[in-house]
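Novice: below are the sequence and a predicted model for it; my questions follow.
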Amino acid sequence: MIHPTALVDPSARVSDDVDIGPFCVIGPEVEIGDGTVIGPHVVIKGPTRLGKRNRIFQFASVGEDCQDKKYAGEATRLEMGDDNVVREGVTLHRGTVQDKAVTTIGSRNLFMAYSHVGHDCVIGDDCILANQATLAGHVTLGNFAILGGLSAIHQFCHMGEHAMAGGGSIITKDVPAYVIVNGNPAQTHGLNLVGLKRRGFERDALRALGDAYRIVYRQGLTMEQAIERLENDFAVPEVETFLASLKTSQRGITR
């Protein structure tokens, strides 16, 4: 299952059924889980741990030193869950000691060609980064977040679960859960209703989210006033998730 031209460090822990293609380089302190398929010319540098059934396409770079000028060779990590797809030319960098020293990627994510995940990012499950989408360092993506092609997120920004950014968006503030943003600079354009319906959200939950969205974005309230209204007027789990993404924002929200 390992091509004879591939270079695999003796200390790497590779499950027996992993398929490693021609001219790959697998470095020390790399762990690769069951059923993973690695295409040709892939470089994986440790400390990096990949879960099960991931698929890494040609010319991807996984677990490389980050591009932060403060990085001085410390033993930071990249950890990835299961069933991720990493397409051609994707770059996934390890963390820095200035943060938690780890870049964390969940399961079932799709990283399309030439997308980039910077150091110390935290990515949930079922996210999509379209072609050439870029995350700066310390970015957090919630579950089911979607980034359109050529979009970019500024460092330390949070993008909430089920949120979506259109192609070419430049995101410099936090994106609350469930909303759609687009543009440069990114602005909010309503709820991600199509995505929420596809994922089985009930009509009552969508109606409550619509009401909550209008309180935040359409009534001219300050953020403190809007948060107070949501806390007092709603007891719907989906709205509570939306509210939490507002209350935890450190950079202000995209409006």
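Specialist: In hand now; what should we look at?
Novice: alpha carbons only for contacts and neighbour counts from here, please
Specialist: Will do.
Novice: enumerate every residue touching residue 82.
Specialist: When contacts are counted by C-alpha atoms under 8 Å, 6 or more residues apart in numbering, residue 82 touches 50, 51, 52, 53, 54, 106, 107, 108.
Novice: of those, just the buried ones, PyMOL syntax please.
Specialist: To isolate the buried subset of the contacts of residue 82 in PyMOL, counting by 16 or more other C-alpha atoms under 10 Å, use the following:
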select buried, resi 50+51+52+53+54+106+107+108
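Novice: including secondary structure and distance to residue 203, could the contacts of residue 82 go into TSV?
Specialist: Below are the contacts of residue 82 laid out as TSV (DSSP: H, G, I helix; E, B strand; the rest coil; distance: C-alpha to C-alpha, whole Å):
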residue	secondary structure	distance to residue 203
50	strand	38
51	coil	36
52	coil	36
53	coil	35
54	coil	35
106	coil	29
107	coil	28
108	coil	26
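Novice: which one of the contacts of residue 82 is nearest to residue 153?
Specialist: The shortest approach to residue 153 among the contacts of residue 82 belongs to residue 106, at 18.5 Å (C-alpha to C-alpha).
Novice: contacting residues around the closest one?
Specialist: Neighbours of residue 106 in contact, by C-alpha under 8 Å, 6+ apart: 80, 81, 82, 123, 124, 125, 126.
Novice: in strands only, show me those.
Specialist: Cross-referencing the contacts of residue 106 against strands under DSSP state E gives 80, 123.
Novice: just the buried members of the contacts of residue 106?
Specialist: By 16+ other C-alpha under 10 Å, these give 80, 81, 82, 123, 124, 125, 126 as buried.
Novice: closest to residue 116 among those?
Specialist: Nearest to residue 116 among the buried ones among the contacts of residue 106, with distances taken as C-alpha to C-alpha, is residue 123, at 12.1 Å.
Novice: isn't that closest one up against residue 104?
Specialist: Yes: using C-alpha atoms under 8 Å, residue 123 makes contact with residue 104 at a distance of 6.1 Å.
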